[in-house]
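Visitor: Next come a sequence and a model predicted from it.
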Amino acid sequence: RSLRFVTLVYRHGDRSPIKAYPRDPYQEAAWPQGFGQLTQVGMRQQWELGQALRGRYRDFLNATYRRQEIFIRSTDCDRTLMSAEANLAGLYPPDRQEMFNPNVSWQPIPVHTVPESGERLLKFPLTPCPRYEQLQNETRHSAEYTNKTKENLQFLQMVANETGIRDVSLESVWSVYDTLFCEQAHKMKLPLWVTPDVMTRLKQLKDFSFEFLFGIHHRIEKARLQGGVLLDHIRKNLTKAANVSAHQHLKLLAYSAHDTTLVALQMALDVYNRIQAPYASCHIFELYQEDDGNFSVEMFFRNESGKEPFPLMLPGCQQKCPLHRFLQLTDPVVPQDWEQECQV
Ligand SMILES: CCCNC(=O)[C@H](O)[C@@H](O)C(=O)O
């Protein structure tokens with residue numbers, strides 16, 4: 001069997017908080033580059049992912065950079081653009097011939113993007129989509145959501161008081177956890193009200209908010225309107241790669257994106273492990289041509305540095321999933337006409 005084509009979808013590396021809560025002792029000036037920016041920790045995480053990918057594909061990708069082999073697209077966001085650049089520094093360290101300056105062991109490789117206002121593939125949840133909003137409203141009235149709110153009413157009220165945020169809900173609490181997580185990751189002293197138990201509870205509610213975005217109620221229809229859009233694009237590329245001769249197609253397509261991108265995609269594939277995609281985690285699709293000439297798809301998820309990516313099995317298929325079966329099983333979560341399906 002031979003590896004023919006790889007698609008990667010990864011989250012950016014470690015960043016500073018997207019924002020601070022009103023009573024946060026650490027406001028934007030506390031962060032070297034301000035809010036939402038890739039840190040040197042994040043740059044190293046992405047470089048390390050690039051190095052791991054170089055090892056995994058050392059017999060697949062050319063040893064030196066060949067522009068026809070790869071295409072990288074990022075959302076138009078500093079942290080994802082810089083993540084892709086750091087990743088490529090690890091994936092294509094130049095040999096002496098490729099170095100444009102003998103003192104610089106780095107070579108520029110293009111990272112493509114589209115303006116944020118026009119991003120329709122890699123930033124989730126995709127809006128505007130009235131039908132999705134309707135499904136979200138229905139989810140808000142589901143037993144699971146209302147019970148979760150009831151069980152945490154007092155806790156959310158405490159968080160609102162301590163943070164100075166007027167109303168903290170299951171949908172906004174992710175941001176409080178995120179800010180505290182970033183501060184903790186960067187050894188900043190947390191306020192006394194943030195006990196280990198409070199962090200644990202905030203983390204659970206943050207993970208619930210990802211389920212709310214893409215699951216809990218009508219997961220399949222939400223997938224058609226969300227992660228299925230990206231999955232459709234990936235399926236089309238897999239099919240194209242299977243229908244042209246090897247040298248006519250890219251070897252590697254990489255998307256540099258966000259946690260919600262990975263969660264939307266994995267919810268659509270029904271392989272989500274219910275944990276927010278970690279920094280620099282990477283979902284891998286590998287297309288193989290078997291000895292009998294048929295094609296199969298294998299998926300892996302690398303969510304721990306220094307560890308081999310683990311196999312992800314598409315429900316209803318085996319690890320080595322025949323391409324036609326992969327397409328058949330994912331048909332239900334791919335929209336026929338997104339605009340039309342978004343109408344109410
Ligand atoms: C409104 C803020 C949305 N958050 C982001 O864009 C982050 O990159 C988030 O998706 C992440 O992966 O950390």
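Guide: Sure, I can see it.

Visitor: Now Q107: closest residue in space, sequence neighbours ignored.
Guide: Closest residue to Q107 apart from its sequence neighbours, by CB to CB, 6 or more residues apart in numbering: P94 at 4.2 Å. Quick note: C-beta positions are derived from backbone N, CA and C, even for glycine.

Visitor: residue contacts, the one you found?
Guide: Contact partners of P94, counting by CB atoms under 8 Å, 6 or more residues apart in numbering, are T64, Y65, S105, W106, Q107.

Visitor: how about it, secondary structure?
Guide: Secondary structure assignment for P94 (DSSP: H, G, I helix; E, B strand; the rest coil): coil.

Visitor: Next: F285.
Guide: strand.

Visitor: what do you get for K203?
Guide: Going by three-state DSSP: K203 is helix.

Visitor: give me every residue that touches the closest residue to it other than its chain neighbours.
Guide: Counting by CB to CB, 6+ apart, K203 lies nearest to Y177, which is 5.8 Å off, once chain neighbours are set aside. Y177 makes contacts with M199, L202, K203, L205, K206, as judged by CB under 8 Å, 6+ apart.

Visitor: Neighbour-wise, give me the winner out of those.
Guide: Among the contacts of Y177, the one with the most neighbours (other CB atoms under 10 Å) is L205, at 23 neighbours.

Visitor: circling back: any chance of the contacts of Y177 in CSV, with pLDDT and distance to Y21 too?
Guide: As requested, the contacts of Y177 are arranged in CSV below (pLDDT from 0 to 100; distance: CB to CB, whole Å):
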residue, pLDDT, distance to Y21
M199, 98, 14
L202, 98, 12
K203, 97, 16
L205, 97, 15
K206, 96, 14
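
Visitor: In TSV: these, plus distance to K240.
Guide: What follows is the contacts of Y177, written out as TSV (distance: CB to CB, whole Å):
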residue	distance to K240
M199	45
L202	43
K203	40
L205	41
K206	37
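
Visitor: quick check, nearest of those residues to the ligand?
Guide: Lowest distance from the ligand to the contacts of Y177 (CB to the nearest ligand atom) belongs to K206, with 11.2 Å.

Visitor: just the helices in this structure please.
Guide: In the chain, the helices defined using DSSP state H lie at 40-56, 78-91, 130-140, 143-151, 153-163, 173-185, 196-214, 219-225, 227-243, 259-269, 323-330, 338-342.

Visitor: Next to the ligand in this structure, residues from the stretch 151-300 of the chain, please.
Guide: By the rule CB under 6 Å from any ligand atom, the part of the stretch 151-300 of the chain lying against the ligand is H258, D259, T260.

Visitor: what's the neighbour count on the first one?
Guide: Think H258. Quick note: H258 (other CB under 10 Å) scores 20 neighbours.

Visitor: so who does it touch?
Guide: H258 makes contacts with R11, H12, T75, C77, T80, L122, K123, F124, as judged by CB under 8 Å, 6+ apart.

Visitor: What backbone torsions are found at it?
Guide: phi -130, psi 170 (degrees, to the nearest 10).

Visitor: who's in contact with the residue in the stretch 1-150 of the chain that the ligand sits nearest to?
Guide: Taking CB to the nearest ligand atom, the ligand has its nearest neighbour within the stretch 1-150 of the chain at I18, 4.6 Å off. By CB under 8 Å, 6+ apart, the residues touching I18 are F35, G36, S175, D178, T179.

Visitor: And for Y255?
Guide: For Y255, the contact set (CB under 8 Å, 6+ apart) comprises T7, L8, V9, Y10, I72, R73, S74, L121, L122, L230, T261.

Visitor: Just the local confidence number for the residue nearest to it when sequence neighbours are not counted, please.
Guide: Once flanking residues are discounted, Y255 sits nearest to V9: 4.7 Å by CB to CB, 6+ apart. The model reports V9 with a pLDDT of 98.

Visitor: same deal with A246?
Guide: 83.

Visitor: and stretch 160-171, C-alpha only, in PDB?
Guide: Provided in PDB are the C-alpha atoms of stretch 160-171 (Å, rounded to 0.1, in the frame of the first residue of the first chain):
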ATOM      1  CA  ALA A 160     -20.300  36.700  38.100                       C
ATOM      2  CA  ASN A 161     -19.700  38.500  41.500                       C
ATOM      3  CA  GLU A 162     -16.000  37.700  41.700                       C
ATOM      4  CA  THR A 163     -15.300  38.600  38.100                       C
ATOM      5  CA  GLY A 164     -17.500  41.600  37.800                       C
ATOM      6  CA  ILE A 165     -19.100  40.100  34.700                       C
ATOM      7  CA  ARG A 166     -22.800  41.100  34.800                       C
ATOM      8  CA  ASP A 167     -24.300  37.800  33.900                       C
ATOM      9  CA  VAL A 168     -22.300  34.600  33.500                       C
ATOM     10  CA  SER A 169     -24.100  31.800  31.600                       C
ATOM     11  CA  LEU A 170     -23.200  28.300  30.500                       C
ATOM     12  CA  GLU A 171     -22.400  29.900  27.100                       C
END
